[in-house]
Structure formats: C-alpha cells, structure tokens
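**Q** With the input below, show me the fold.
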Amino acid sequence: MLKKINVIFLVLVSFISFQSNAIANSAAELLKQKLGQLSGFSAQFEQEVTDRDGQVVQQSHGYVELIQPDKFRWVTAEPNENTLQSDGETVWFYDPFVEQVTAYWLKDTIQSNPILLLLKPNSNAWDAYQISQQSESVFSISTQDEQSQVVQVKLVLSNKNALSSLSILDKQGQTSVYRFSQFSAQQASDFSDTHFNFELPAGVELDDQRQ
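**A** As a prediction, the model looks like this:
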C-alpha cells in the first residue's frame with residue numbers, strides 16, 4: 001500500500017560539515033518558504049512511469065487538490081483508477097479494482113512519504129531529509145532511510161511558485177514524473193468543510209491500519 005502511495009505523489013552525509021550543511025539548510029529553508037507561500041492548489045496532472053532502463057511502463061492522468069497543512073485529494077483516472085485522500089487525520093487509499101480502502105494515520109504516513117512534505121512546510125519531518133537546490137526553480141529532496149520506498153523527489157516550480165512538475169525515483173529504480181496543468185492557487189475557504197472527508201463506498205472492504 002505504501003508503495004502505491006509513494007509512486008503517486010530525501011541526505012548528503014559527509015565530514016565536510018559546516019559549508020555543505022549551510023548550503024543544504026539554505027536550500028531547505030528557501031523551499032519551505034516557497035511552499036509556505038503556496039497554502040493550497042488544484043491542478044490536473046499527466047503521469048509517466050519509466051523503469052530503470054528508461055522504458056515507459058505506465059501512463060495515466062488525473063487531478064489533485066491540496067490545502068495545507070493536512071488535507072488533499074489525489075485522484076487518478078481510468079484505467080488506473082484510484083483515490084488517495086487525507087481528511088486531516090487519516091489518509092485513505094481507495095482502489096476500486098480490488099474494491100478495498102486502506103486507512104492510515106496521517107502522522108505516521110508523512111514520516112515515510114516525502115511527497116506529503118508539501119502539506120507541512122513547518123513539520124519536523126523535514127529533518128529526516130536532505131534538500132538541495134539544483135537551479136533557481138528546481139529542488140531535490142532525498143533520503144537515506146533504508147525503509148523508505150522513495151529515494152528522491154524532484155520539484156520544479158514556476159516563477160510564481162506554482163508546481164510545474166514532480167519527479168519521484170523509487171527504490172526499484174522506477175521514475176514517476178507528474179506534469180501539472182491548469183494550476184490554480186486555492187485557500188481553505190474555497191472548499192466546503194466536508195470536501196476532504198472520505199465516505200466508504202458501499203460494498204467496499206476497509207483495511208484499517210490505524211493501530
């Protein structure tokens with residue numbers, strides 16, 4: 001399940017400490033500042049997944065809605081239909097093909113999924129990742145956690161801090177690239193109070209991992 005979450009929607013360690021860490025910290029603070037200015041957004045996306053040899057193994061599309069600090073909907077359309085959603089406390093993953101919903105506590109999931117750092121620019125979870133700035137608009141988030149399915153996430157921002165693309169390299173060497181369009185900044189007030197609440201579809205099994 002976490003593998004599916006990670007491929008939907010970070011730590012250079014050396015004895016050259018002071019200058020290298022100052023650069024890393026500067027990049028992290030700049031990225032958190034940029035994300036903090038983007039309190040929410042909605043967008044369409046096109047996804048392309050390639051294997052370690054660069055061969056395309058999957059293509060899909062869908063839309064995302066996100067409101068900081070803890071609510072989002074990430075919906076992938078047919079033929080790979082699924083929904084990843086957070087109501088602020090629980091992350092729900094709905095796979096219609098197997099007629100199953102899996103529920104996780106958000107506080108547990110954010111520790112293993114760097115994509116969810118987009119939700120919490122001020123979270124302590126950032127301390128587990130290394131942030132580097134490759135250019136003015138390109139940031140890389142990487143981890144050395146052997147338990148993490150995600151090895152690296154690359155964010156490309158536009159001049160207005162809109163999210164242009166998101167690239168995810170996983171432990172198996174697959175790369176998932178999401179290219180965003182129709183990007184629109186949003187505020188919490190743009191959605192109803194129940195917009196991000198998840199309702200279990202009739203006849204669907206619930207796998208509750210909130211233990």
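
**Q** use CA for all of it now, contacts and neighbours both
**A** Will do.

**Q** ok, so what distance separates the residue nearest to residue 177 when sequence neighbours are not counted from residue 79?
**A** Nearest residue to residue 177, sequence neighbours excluded (C-alpha to C-alpha, 6 or more residues apart in numbering): residue 167, at 4.4 Å. Taking C-alpha to C-alpha, to the nearest Å as the measure, residue 167 falls 21 Å from residue 79.

**Q** With neighbour numbers in mind, choose between these two.
**A** The neighbour comparison of residue 167 against residue 79 (other C-alpha atoms under 10 Å) goes to residue 167, with 21 against 10.

**Q** thought that one was touching residue 176?
**A** Yes: applying C-alpha atoms under 8 Å, one finds residue 167 in contact with residue 176, separated by 5.7 Å.

**Q** What's the local residue count around residue 75?
**A** Quick note: residue 75 (other C-alpha under 10 Å) scores 22 neighbours.

**Q** quick revisit: who touches the residue nearest to residue 177 in this structure?
**A** By C-alpha atoms under 8 Å, 6 or more residues apart in numbering, the residues touching residue 167 are 153-155, 175-178.

**Q** Does it belong to a helix, a strand or coil?
**A** For residue 167, the secondary-structure state derived from DSSP: H, G, I helix; E, B strand; the rest coil is strand.

**Q** Next, give phi and psi for residue 186.
**A** As for residue 186, its main-chain torsions (degrees, to the nearest 10) stand at phi -130, psi 160.

**Q** Kindly apply the preceding question to residue 36 instead.
**A** According to degrees, to the nearest 10, residue 36 has phi -60, psi -30.

**Q** Any figure for the gap between it and residue 28?
**A** Distance, residue 36 to residue 28, by C-alpha to C-alpha: 12 Å.

**Q** where does this protein have low pLDDT?
**A** 1-25, 110-125, 144 (pLDDT under 70).
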